[in-house]
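Asker: Sequence first, predicted coordinates after that:
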Amino acid sequence: MALRGSNSRLTRTEASVYAKRPASETVCKFWAMGRCLKKECRFLHADPEQKTLALMEEMGKSMGKTYDSATINVEKSIGTHKEKAKAEAVCKFWADGKCVRQGCPYLHSWFRGDGFSSLAKLQGHKKGITGIVLPERSSNLYSAAKDGTVRVWDCNTGQCSRVINLGAEAGCLISKGAWVFCGASNLVKAWNIESNAEFTLAGPVGQIHAMEVGNDMVFAGAEEGVIYVWKGKVCSDAIANPFHPHQALSGHTAAVVSLRVGNIRLYSGSVDHTIRVWNLDTLECAMTLNGHSDAVTSLICWTTFLISCSLDHTIKVWTMCKGGNIEEIYTHTEEDGLLALSGMHDAEDKPVLLCSSKDNSVRIYDLPSFDERGRLFAKREVQAIQVGLGGLFFTGDETGGLSVWKWLEPAVKQEH
């Protein structure tokens, strides 16, 4: 009875004072998420950083520890680092169209940087995009995804004009001349976009993760570490299937997830952490590069250089040395695992490298300095990057979203 009596209802005056006073030192969680709409919320709508630093100084004195200005500056730098981290992330509530927070510290944009812009977002795939190609002399863009489809997009309208059902999860998509190739589970499909011919390449077993074309051969990297090879001229417009099984290359001990032809060689990157270098004439393994400590997810050849990226958070640049050996000459390290690479020139003809990361972004680097000049953002990881003509480039993420980007001409860049 006494306890109930001591918990009597507040008077009007007491109640109004209580409603206006912040409850202890708690920051309103709805305000922090940009969703608090209360006119007189009793929780804090403020950044408690300065009060926190004062409390730390006071607490340090009580413990016999001196918090001088240098120590506090370290704490401030940590706070600044956290704010910078926020500025590098897209606001998830803005992405869903729900952020109402004024002065939100997170980005309300799908990119950061100058010299390029977002042109369009193409929606249609239900799962992650694994390949994007813009074939030569074609007005159509092709995309493949884990939803088991290849979509054909009209570049003039941005509309999907055709959906091809593979019946299996697509692992990669490439093009060469008039041909488009798609690797899936136990399946490789080939389409000639000029003759509308469609063929199935015989022989592959398991999920196909990567494909490449070179020296009148088609290569496909599979999950068991095998590289399947077909011979056939990609310029052929014959009615009969021009691609015939030729050989299976063994050597990798885990899935082959990246392939690239360059400098009269085939390079293969694997989950076994290695890059194998194959002679295109003999199809024999000439050497193995062991610089990475995790899966080698992407490879590109740029002039005489090989560039690789890995889940070990690094981008490595390799070059041919005297005696025919290939050596690592530079390593760039990021905070997260890296997924896909692509290279191009911007509107001022400067070389740039695009690299996607497991933090749901694509970094844009100036070459050869590797200075970051911008970043693209997505809701999920970007597994596919493709460059096109006229300054166009494309990214596909794990939600199935396909983004179209363009480098701006110098005059437009200045106005932008």
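Answerer: The structure has been received and is ready for your questions.

Asker: Figure out how far stretch 388-407 is from the centre of its chain.
Answerer: 11 Å (CA atoms, centre = their mean, to the nearest Å).

Asker: avg pLDDT for that stretch?
Answerer: In this model, stretch 388-407 has an average pLDDT of 94.

Asker: same thing with stretch 130-137?
Answerer: 93.

Asker: what's next to it, contact-wise?
Answerer: 140-146, 155, 170-175, 177-180, 182, 193, 383-386, 388-389, 392, 394-396, 402 (CB atoms under 8 Å, 6 or more residues apart in numbering). For glycine as for every other residue, the C-beta is placed from the backbone atoms N, C-alpha and C.

Asker: Just the C-alphas of it, formatted as CSV.
Answerer: Extracted in CSV, the C-alpha atoms of stretch 130-137 (Å, rounded to 0.1, in the frame of the first residue of the first chain):
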residue,chain,number,x,y,z
THR,A,130,26.8,-12.0,-62.7
GLY,A,131,27.6,-10.5,-66.1
ILE,A,132,26.9,-7.5,-68.3
VAL,A,133,28.0,-7.1,-72.0
LEU,A,134,27.5,-4.5,-74.7
PRO,A,135,28.4,-6.4,-77.9
GLU,A,136,30.1,-4.6,-80.8
ARG,A,137,27.8,-2.9,-83.3
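
Asker: What are the buried residues along it?
Answerer: 130-135 (16 or more other CB atoms under 10 Å).

Asker: if you skip the residues just before and after it, what's nearest to Tyr228?
Answerer: Once flanking residues are discounted, Tyr228 sits nearest to Ala220: 4.5 Å by CB to CB, 6 or more residues apart in numbering.

Asker: what pairs with the one you found across the strands?
Answerer: Met211, Tyr228 (DSSP bridges).

Asker: burial measure for it, as a count.
Answerer: 27 (other CB atoms under 10 Å).

Asker: and if you look at Leu341?
Answerer: Neighbours of Leu341 (other CB under 10 Å): 21.

Asker: what does Thr157 give?
Answerer: 9.

Asker: Quick check, pLDDT for it.
Answerer: pLDDT, read off for Thr157, is 91.

Asker: just Glu224 next, same as before
Answerer: Predicted confidence (pLDDT) for Glu224: 94.

Asker: Next, count neighbours for it.
Answerer: Neighbour number of Glu224 under other CB under 10 Å is 15.

Asker: can you confirm it is in a helix?
Answerer: No. Counting by DSSP: H, G, I helix; E, B strand; the rest coil, Glu224 is not part of a helix but coil.

Asker: For it, which non-adjacent residue is spatially closest?
Answerer: Per CB to CB, 6+ apart, closest to Glu224 is Gly206, 5.3 Å.

Asker: which residues sit in contact with the one you found?
Answerer: By CB under 8 Å, 6+ apart, the neighbours of Gly206 are 185-186, 222-224, 226.

Asker: which residues does Ser298 bridge with?
Answerer: Cys309.

Asker: one step back: from the buried residues of stretch 130-137, which ones fall inside strands?
Answerer: Here DSSP state E is the test, and the buried residues of stretch 130-137 give 130-133 as lying in strands.

Asker: how close does the residue nearest to Glu224 sit to Ser185?
Answerer: Counting by CB to CB, to the nearest Å, the gap from Gly206 to Ser185 is 7 Å.

Asker: what do you get for Leu266?
Answerer: Counting by CB to CB - Leu266 and Ser185 are separated by 23 Å.

Asker: Check Ser356 too.
Answerer: Counting by CB to CB, the gap from Ser356 to Ser185 is 23 Å.

Asker: the more surrounded of these two?
Answerer: Ser356 (29 against 18).

Asker: Packing partners of the helix or strand where that one lies?
Answerer: Assigned by DSSP states H and E, Ser356 falls within strand 351-357. Applying 3 or more CB pairs under 8 Å, 6 or more residues apart in numbering; DSSP states H and E, we find strand 351-357 packed against strand 338-345, strand 361-366, strand 382-387.

Asker: rerun that using 10 Å as the cut-off
Answerer: strand 296-302, strand 305-310, strand 314-320, strand 338-345, strand 361-366, strand 372-377, strand 382-387, strand 392-397 (3 or more CB pairs under 10 Å, 6 or more residues apart in numbering; DSSP states H and E).
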